[in-house]
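Asker: pasting the sequence and the predicted model now:
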Protein chains: 2
Amino acid sequence: MSRAENRLEITRAIQGTARRHLADVGPAALSLRAIAREVGMVSSAVYRYFASRDELLTALIIEAYDELGAAVEAADAGVRRRGDLAKRFLAVCHAVHEWARAHPHEYALLYGSPVPGYAAPDTTVPSAARITGAILRLAQESERAGHPLGAPVRTVSTQERRALGGVRPALDVTMSDDRMVRWLMAWQTLFGHVSLELFGHMHRGILDYDAHFQQVTEQLAADLGLSG
Amino acid sequence: MSRAENRLEITRAIQGTARRHLADVGPAALSLRAIAREVGMVSSAVYRYFASRDELLTALIIEAYDELGAAVEAADAGVRRRGDLAKRFLAVCHAVHEWARAHPHEYALLYGSPVPGYAAPDTTVPSAARITGAILRLAQESERAGHPLGAPVRTVSTQERRALGGVRPALDVTMSDDRMVRWLMAWQTLFGHVSLELFGHMHRGILDYDAHFQQVTEQLAADLGLSG
DNA sequence: ACACGACGAGAGCAGTGCTCTTGTTTTCGC
DNA sequence: GCGAAAACAAGAGCACTGCTCTCGTCGTGT
């Protein structure tokens, strides 16, 4: 085995072990030493592969974003042929919900509190944009199909018009301002629901998370004008 | 100074210092030893006042919930006399938004990722319920005033009806199911917006957070049927 | 007055991220 | 093919962390 191959394999072993530890104990309790022990190295040796704990964390963040992004895109593609935009939107929402519930620590790493002293580098941006991009691409298709919004939107202020200016170039989508407002609200509701649920704020209030999520996402689809 | 007085004062000094450290470095980096140093004690002495780091954290969580709860209630009370429900709702939303921006680490402690290995005890529940309670009390008043929802809600499924069963006893409010669905969605949108903003997910997309928040909350008020 | 309990200090344990040095092994240029 | 250079693993060490245990000291209720 060549040196380059070996390096790749060990890097993968470290990241894989880190991933499993992350799922077990969460990002804040991730121990580089414990990872090294399991891989069969001494802790200092890990620094040959990742310059710091933060760099390892960045790799895990990108991996998680890409996994969630792939899940979302797969869910969309799975119903694209025989489904209308409402079905596709619901599939995307459920993909986010299910992935988050299956990987609560990874979800917390992505959408929970930022790790203190850690600032995500720009390398994470493209992977992060996959999820929001997949959602807003449905919005764009909806507009191109000429579907009106299900619930009307108030007049968009000029400040808000300016504020929205960054979304189109960042995610490479185009649509009217009022549609973007509704879809951004749906985006916030979706992640608000998932975060509040996963972080325990629905405890003893909502008795059936899945039923409530179903109701909320169907309502979002109706507000967006997706239900035929 | 009697022993009991002294104990109270030192307890407060520890919690106050902890609070300042929390605002500086965030919950995960909270160091009991550093707090002890600043108070002028050795770390082991702190354990006379808080049985563990987790117990200190619990005290901070309750303090933060109560502070946010008080801010929300004050915002509501401030416009109650001369304002309709729309103004009160907007005041409450802005209170949450502003408190979160002024105290990002405290907000993260409350609504961000749970601290690993820490489970919030039931003592935090009443304080946590103040915020959601203040919001849903507006919903109740809106219903009692006979205001219809601004955006209609789909038929509430029987599963969802059951799922909502815990909200009324937990927060001591009553309202119809469809109204509760809309208000819970508004609750999710509000905290979704704040979390996504504070945790960096609107970076380079939304160029003016305040303008967008204004637009979104006004839209929520309209959907809830609050705007006269 | 005295015994008990509260208290602060200190040492110590097991763990952390990270750095530096040391010895070994692989790779590459001549 | 050989020697220099780079890559690598290991270990010791530093400054931390939460937490426990012990040991004197001092305030307080009986």
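Answerer: Arrived safely, thanks for sending.

Asker: so what's the residue count around A:Ser52?
Answerer: Neighbourhood size, A:Ser52 [other C-beta atoms under 10 Å in any protein chain shown]: 12. (C-beta placed from N, C-alpha, C; glycine too.)

Asker: just the one 10 residues further on next, same as before
Answerer: For A:Ile62, the tally of surrounding residues (other C-beta under 10 Å) stands at 18.

Asker: ok, it touching A:Thr123?
Answerer: Yes. Using C-beta atoms under 8 Å, A:Ile62 is in contact with A:Thr123, at 6.6 Å.

Asker: residues that sit against both of the two, list them.
Answerer: Both A:Ile62 and A:Thr123 lack any common contact, where contact means C-beta atoms under 8 Å, 6 or more residues apart in numbering or on different chains.

Asker: which ones are touching A:Glu141?
Answerer: A:Leu85.

Asker: for A:Gly26, phi and psi?
Answerer: The phi/psi pair for A:Gly26 (degrees, to the nearest 10) reads phi 90, psi 160.

Asker: ah, wrong one, I meant A:Ala74
Answerer: phi -70, psi -40.

Asker: just the pLDDT for the nearest residue to A:Arg37 once chain neighbours are set aside.
Answerer: The spatial neighbour of A:Arg37 that comes closest, neighbours along the chain excluded (C-beta to C-beta, 6 or more residues apart in numbering or on different chains), is A:Ser43 at 8.0 Å. On the pLDDT scale, A:Ser43 is placed at 93.

Asker: pLDDT weak spots in chain A?
Answerer: A:1, A:116-117, A:228 (pLDDT under 70).

Asker: and it, which residues reach DNA strand C?
Answerer: Proximity of chain A to DNA strand C (C-beta under 7 Å from any atom of the strand) is limited to residues A:2-4, A:30-34, A:43-44, A:47, A:52-54.

Asker: which of these fall within strands?
Answerer: Among these, the subset assigned to strands under DSSP state E is empty.

Asker: can you list those in CSV and add distance to B:Val173?
Answerer: Formatted as CSV, the residues of chain A next to DNA strand C follow (distance: C-beta to C-beta, whole Å):
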residue, distance to B:Val173
A:Ser2, 67
A:Arg3, 66
A:Ala4, 63
A:Leu30, 41
A:Ser31, 44
A:Leu32, 48
A:Arg33, 50
A:Ala34, 46
A:Ser43, 53
A:Ser44, 57
A:Tyr47, 55
A:Ser52, 49
A:Arg53, 45
A:Asp54, 44
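
Asker: between the residues you listed, which is nearest A:Arg204?
Answerer: Closest to A:Arg204 out of these is A:Leu30 (30.5 Å), distances taken as C-beta to C-beta.

Asker: and A:Gly200, which of the three is it?
Answerer: coil (DSSP: H, G, I helix; E, B strand; the rest coil).
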